[in-house]
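**Q** Okay, sequence plus prediction incoming.
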Amino acid sequence: MVMNDTSMKEATIFNHVGNKLKTEDREIHIIARYEEPLIVVLGSVLDDEECDALIQLAKDRLQRSKIGMTKEVSDIRTSSGAFLTDINNEILKRVEKRVSSIMGIPIEHGEGLHILNYKPGQEYKAHYDYFAPASKAASNNRIATLVLYLNDVEEGGSTYFPKLNFSVSPQKGMAVYFEYFYNDQTLNELTLHGGAPVEKGEKWIATQWMRKQKIT
Ligand SMILES: O=C(O)CCC(=O)C(=O)O
Ligand SMILES: [Fe+2]
């Protein structure tokens, strides 16, 4: 490991090294890393069947939420989303287990996979995934995120980190991981990120946000 003269890196939650990481049922490729704050691009996380199944589960949900509830309208996030909770599905369970193993955080700390669909022109403006320190939710705050790309986007739709001048293009089956549980708050703030507008085609992602403690 290379360290610079003046500072040592803070400890991270994700601590896989090398080019690959193995979960119970899959070998995942570590494609790229930004060291601090840690951002890791992962390949071969989901196969096509798993991606398609998650999209299908979400389509059923999104359909229903349109009937039952008023659709939340927000300028920050113009896409439509649904949490895949209370669904008994083999593929979903398998994916949740794999995600937990990649992140090194028990699944009980997760909010459940959140599926988002962006149509052309839709975006998720730059934001932090953690809750403001003064908010009620911050008592069990989020500490890490995994965004799984469920389809190929024809144009646009990258995940961008404006304070780092860094961005990740969506590719079906790949993922981007980042964490923001540093003692140094300025490192956490560097994880500001967004989903750039989709220009052509559509974009489907599944996001896992992990909390510091179990969700009770
Ligand atoms: O759409 C993206 O690429 C980013 C999604 C995101 O930031 C989130 O789900 O928290
Ligand atoms: Fe986010």
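**A** It's in. Numbers count the residues shown, from 1 in each chain. Ligands and ions are numbered 1, 2, ... in the order given.

**Q** near ligand 1, which residues of the chain?
**A** Counting by CB under 6 Å from any ligand atom, the residues of the chain lying close to ligand 1 are 116, 124, 129, 145, 147, 159, 193, 195, 205, 207. (C-beta placed from N, C-alpha, C; glycine too.)

**Q** switch the cut-off to 8 Å
**A** Neighbours of ligand 1 within the chain, by CB under 8 Å from any ligand atom: 79, 114, 116, 118, 123-124, 127, 129, 145, 147, 149, 157-160, 168, 170, 176, 193-196, 203, 205, 207, 209.

**Q** hmm, which of the residues you listed are the buried ones?
**A** Burial by neighbour count, 16 or more other CB atoms under 10 Å: within the residues of the chain next to ligand 1 this picks out 79, 114, 116, 118, 123-124, 129, 145, 147, 149, 157-160, 168, 170, 176, 193-196, 203, 205, 207, 209.

**Q** burial of the residue lying closest to residue 85 once chain neighbours are set aside, as a residue count?
**A** Closest residue to residue 85 apart from its sequence neighbours, by CB to CB, 6 or more residues apart in numbering: residue 112 at 4.0 Å. Around residue 112 there are 18 other residues, counting by other CB atoms under 10 Å.

**Q** neighbouring contacts of the lengthiest helix in the chain?
**A** In the chain, with assignment by DSSP state H, the single longest helix is helix 48-68. Here helix 48-68 makes contact (CB atoms under 8 Å, 6 or more residues apart in numbering) with 46, 71, 80-84, 87, 89, 91-92, 94-95, 113, 115, 117, 148, 150-151, 172-173, 204, 206.

**Q** Only whichever of those residues are buried, select them in ChimeraX.
**A** Per 16+ other CB under 10 Å, the buried members of the contacts of helix 48-68 correspond to this ChimeraX selection:
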select :46,80,81,82,84,91,92,94,95,113,115,117,148,150,151,172,173,204,206
